[in-house]
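>>> after the sequence you'll find the predicted model.
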Amino acid sequence: MIRIKSNQSFFTVSRHDRNLFLLLLPTAVVVVGLLLITFLLISSRASEAVKTYGLSLYVTSAWDPERERYGLFVPLAGTLVTSAIAALTALLLSLSLSIVVSEFLRGAVRNFLSTIIEFMSGLPTVIYALWGVQYAAPVIRDYVMLPLHKYLGFIPLFACEPLSGYSVLSAGLVIGISIVPYVTSLICESYMLVPTAYREACLGIGATRYETTKILLGLCRPAVIAAVVLGLARAMGETTIAAALVGNSMTISYCVFMPSYTVSALIAAQYGNAQLYMYAESVLYSAALAILILALVLSLTGLTLLSKWRSKVLA
Amino acid sequence: MHRIRVIKDRLFTFYVVITSALALIPSLHLISVIILRGVEVLSEAGIKFLVDLPPTPLSTQVGGIAPSLLGTFMLTAIALPTTTLIAIFAAVMNNEFPNNPISRILDVTLRSFASIPTIVVSMTVYLLVVIPMGGYSAIASSIALAIIALPYAYTIISAALGQVPHTYREAAYALGMSRWMMIYKVIIPIARRMLAGGILITMARIMGETAALIFTAGRFRTGLTLSPNQPVDAIPLLIFDYALTPYPVMHKVAWGAALILLLIYLITFLSLKVLVKEVKL
């Protein structure tokens, strides 16, 4: 088969091709420029606060614009804990859901369920926020937080009396529920890629369904880890659900029943008035920079893991 | 030995079924609650829900969401073509010159866009557009939405163009077509179904986005405007704001608006399913 090579270097291609390339070049310049400008703008705005407050900006905790005292420890820790709870919830639920979809069900039922999951993965998150405020938060307080406090109260995580449904735990659980469809579809996609020969081998030696699933899942462990890392990155940037459920309070506590802040909730709540004060805006940009870098690193890690695993399986 | 294996298998099945039910129940409850509460509100407000202004906090009338509805359509009308066009150019570049360093940088850049938290995009657009223009506007909001939807549009369009079999290219070249003619007359027409599907997914993403609008839209809810340099509102932003107020009448409006948003999304999703059998979100 004659293949038209599209991988010739730029200077040896024909005049037509070169013109096409030049025609498309502005798109590339605009897009790459936009990412660079975003980074430069945020870091330059953030540098003022970092210079003024130094490291204490990230390890202390305060939000007092009147006296220009700021510390981002609570929102940063809140973001990490909330997205960790979300990722764990999503892992626990998605793993089972993907096993049901790809192992237990066949034919029309499977198609129906995967269509439902696909439908849910595109639902606007603001709908989860509305539902979280009005339904999930009270239910989580009555049926998750109170029993945990009553029976496992000796663990510091559950030590404090749950006052309202607005807490790190509720925000984490609802964000977790909202990313279940995304993580599930990532896991299912990878699970389907495992060559049939392995399944046949398992069934051939008389393995039960549990043993088969365990072996097949073991084969796609890197892909499952990648799916959770990508889910973590998504949970970290989630704004609407976090702002609605995390309780917006600058309290330091080990306890996941306390209201707290996440970086995106802090920005959503405070950026509007931040221009009135000297450093408030810059402090918010340094918080944004921190989660921007974290989310970028996490999703690049996830994508690299996934593509490495895929090329290994497909090879 | 055999018994233990069977028991293990049963326990595993039990666990998996229970946790999958746990995974599905919240989302199904969410959808049914939106339908129940939304229908309740819509039947109370009637057709006026689509043409009236939102209520004041102490009003007894539900009113409507006309400014947000109009705003959502206007923002989509500006942001969707913009982001689609850029995504098609970028996808063609990546598809035609895959080993050129510039297209590789473009590819990595666009993929990293997907991981920028949307609220950060909102802050950046605030600095780049809202402050220079002197106020919130539909233009600023559409730019923010276009940036957020770009990686989604690019990924799907790129996949759509990439799956056109190589033999069609060869046939086009054999007829003496230039590369541009080949893309325009052969590749894009063959990939058109999947392209249309990609555009629908992008549209759903744009219509459901909230955080990007927080510092760009300006929440104009007291009238109707079609001017792109004036503040606007959108349905998700209205739901977000009203969900956090303590007033019951505003919660009602939020549920009604959530049902409208769900219906718009459902229509988009169903057209996507009719159009393309297998497209991943």
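Good, I have the coordinates. Numbers count the residues shown, from 1 in each chain, chains lettered A, B, ... in the order given.
>>> next, the contact list for B:Leu259, please.
B:Ile34, B:Ile35, B:Arg37, B:Gly38, B:Val39, B:Val41, B:Leu42 (Cβ atoms under 8 Å, 6 or more residues apart in numbering or on different chains). In short, each C-beta sits where N, CA and C put it, glycine included.
>>> enumerate every residue touching A:Trp309.
Contacts of A:Trp309 (Cβ under 8 Å, 6+ apart): A:Ser190, A:Cys220, A:Pro222, A:Ala223, A:Ala226.
>>> now B:Phe215
Contact partners of B:Phe215, counting by Cβ under 8 Å, 6+ apart, are A:Tyr271, A:Gly272, B:Ser122, B:Met123, B:Val125, B:Tyr126, B:Val130.
>>> how about the first one: what's its closest non-neighbour residue?
Just to be clear, that refers to A:Tyr271. Leaving out its chain neighbours, the residue that sits closest to A:Tyr271 by Cβ to Cβ, 6 or more residues apart in numbering or on different chains is A:Leu284, at 5.5 Å.
>>> repeat that for the last one.
Sequence neighbours aside, B:Ala140 is the residue nearest to B:Val130 in space, at 4.9 Å (criterion: Cβ to Cβ, 6+ apart).
>>> list buried residues within the contacts of A:Trp309.
A:Ser190, A:Cys220, A:Pro222, A:Ala223, A:Ala226 (16 or more other Cβ atoms under 10 Å in any protein chain shown).
>>> would the first one count as being in a strand?
The one in question is A:Ser190. No. Per DSSP: H, G, I helix; E, B strand; the rest coil, A:Ser190 lies outside any strand segment and is helix.
>>> let's see stretch A:214-226 as CSV, backbone CA atoms only.
Extracted in CSV, the C-alpha atoms of stretch A:214-226 (Å, rounded to 0.1, in the frame of the first residue of the first chain):
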residue,chain,number,x,y,z
LYS,A,214,-10.1,-10.4,39.8
ILE,A,215,-7.5,-11.5,37.3
LEU,A,216,-8.8,-9.2,34.5
LEU,A,217,-9.0,-6.2,36.8
GLY,A,218,-5.5,-6.9,38.0
LEU,A,219,-4.4,-6.7,34.3
CYS,A,220,-5.9,-3.2,34.0
ARG,A,221,-4.7,-1.9,37.4
PRO,A,222,-2.7,0.9,35.9
ALA,A,223,-5.8,2.0,33.9
VAL,A,224,-7.9,2.0,37.0
ILE,A,225,-5.3,4.1,38.9
ALA,A,226,-5.2,6.5,35.9
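>>> B:Ile139 and A:Pro26, how far apart?
Here the criterion is Cβ to Cβ, to the nearest Å. By it, B:Ile139 lies 20 Å from A:Pro26.
>>> where does chain B have its least confident helix or strand?
helix B:179-182 (a mean of 86; mean pLDDT, DSSP states H and E).
>>> now for that helix, which elements pack on it?
Packing partners of helix B:179-182 (3 or more Cβ pairs under 8 Å, 6 or more residues apart in numbering or on different chains; DSSP states H and E): helix A:15-53, helix B:166-174.
>>> can you give me the buried ones in the longest one?
Buried residues in helix A:15-53, defined by neighbour count with 16+ other Cβ under 10 Å: A:17, A:20-21, A:24, A:27-28, A:31-32, A:34-35, A:38-39, A:42, A:45-46, A:48-50, A:53.
>>> what about B:Leu275, how many residues nearby?
16 (other Cβ atoms under 10 Å in any protein chain shown).
>>> what segments of chain A are helices?
All helices of chain A, identified by DSSP state H, fall at A:15-53, A:56-59, A:73-99, A:107-121, A:125-131, A:137-140, A:146-152, A:168-193, A:196-204, A:209-219, A:221-237, A:240-245, A:263-270, A:280-314.
>>> now do the longest one: distance to the chain's middle.
Same thing as helix A:15-53. Its chain's C-alpha centre and that of helix A:15-53 lie 24 Å apart, by Cα atoms, centre = their mean, to the nearest Å.
>>> now the residue in the stretch 151-300 of chain A that chain B sits nearest to. Nearest residue, chain neighbours left out?
Residue nearest to chain B within the stretch 151-300 of chain A: A:Gly237 (3.0 Å; Cβ to the nearest Cβ). Leaving aside its chain neighbours, A:Gly237 sits nearest to B:Pro117 (3.0 Å; criterion: Cβ to Cβ, 6+ apart).
>>> can stretch A:28-40 be said to contact chain B?
Yes. Counting by Cβ under 8 Å from any Cβ of the partner chain, chain B has neighbours in stretch A:28-40: A:Ala28, A:Val30, A:Val31, A:Val32, A:Leu34, A:Leu35, A:Ile37, A:Thr38.
>>> secondary structure class for B:Val232?
Counting by three-state DSSP, the backbone at B:Val232 sits in coil.
>>> what about the nearest residue to B:Ala153 once chain neighbours are set aside, how many neighbours?
Spatial nearest neighbour of B:Ala153, excluding adjacent residues (Cβ to Cβ, 6+ apart): B:Ala87 at 3.6 Å. Using other Cβ under 10 Å, B:Ala87 has 28 other residues around it.
>>> and the pLDDT at residue 155?
Went with chain A since none was named. The per-residue pLDDT reported for A:Ile155 equals 84.
>>> nope, chain B
Value for B:Thr155, per-residue pLDDT: 92.
>>> doesn't it belong to a strand?
No. Looking at B:Thr155 with three-state DSSP, it is helix, so not inside a strand.
>>> number of residues surrounding it?
19.
>>> just B:Val249 next, same as before
The tally of other residues near B:Val249 (other Cβ under 10 Å) stands at 20.
>>> so, low pLDDT: which residues of the chain?
Because you didn't say which chain, this covers chain A. A:1-13 (pLDDT under 70).
>>> could you do chain B instead?
Residues of chain B meeting the criterion pLDDT under 70: B:1, B:277-281.
>>> go again with 50.
B:279-281 (pLDDT under 50).
>>> remind me, longest helix of it?
Longest helix in chain B, counting by DSSP H: helix B:2-45.
>>> how far off helix B:166-174 does the following helix or strand past that one point, in degrees?
Downstream of helix B:2-45, the next assigned helix or strand under DSSP states H and E is helix B:66-96. Here helix B:66-96 runs at an angle of 70 degrees relative to helix B:166-174 (axes from the mean of the first three to the mean of the last three Cα atoms, to 10 degrees).
>>> can you list the buried residues in helix B:66-96?
For helix B:66-96, a neighbour-count test (16+ other Cβ under 10 Å) marks B:66-72, B:74-76, B:78-80, B:82-84, B:86-96 as buried.
>>> what about that helix, distance to the chain center?
Worked out by Cα atoms, centre = their mean, helix B:66-96 lies 10 Å from the chain centre.
>>> which other helices and strands contact it?
Counting contacts by 3+ Cβ pairs under 8 Å, 6+ apart, helix B:66-96 packs against helix A:15-53, helix B:101-113, helix B:138-162, helix B:192-208, helix B:235-243, helix B:248-275.
>>> adding distance to A:Lys150, write those out as a markdown table.
Compiled in a markdown table, these are given as follows (distance: least, Cβ to Cβ, whole Å):
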| stretch | distance to A:Lys150 |
| --- | --- |
| helix A:15-53 | 41 |
| helix B:101-113 | 45 |
| helix B:138-162 | 43 |
| helix B:192-208 | 39 |
| helix B:235-243 | 30 |
| helix B:248-275 | 31 |
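>>> A:Ile117 is nearest to which of the ones you listed?
Closest to A:Ile117 of the helices and strands packed on helix B:66-96 is helix B:248-275 (Cβ to Cβ; 12.1 Å).
>>> contact residues of the stretch 201-315 of chain A facing chain B?
So the stretch 201-315 of chain A meets chain B at A:208-211, A:213, A:233, A:236-240, A:243-244, A:264, A:267-268, A:271-272, A:284-285, A:288, A:291-292, A:295-296, A:298-300, A:303 (Cβ under 8 Å from any Cβ).
>>> from those, list the buried ones, please.
Applying 16+ other Cβ under 10 Å to these flags A:208-211, A:213, A:233, A:236-240, A:243-244, A:264, A:267-268, A:271, A:284-285, A:288, A:291-292, A:295-296, A:298-300, A:303 as buried.
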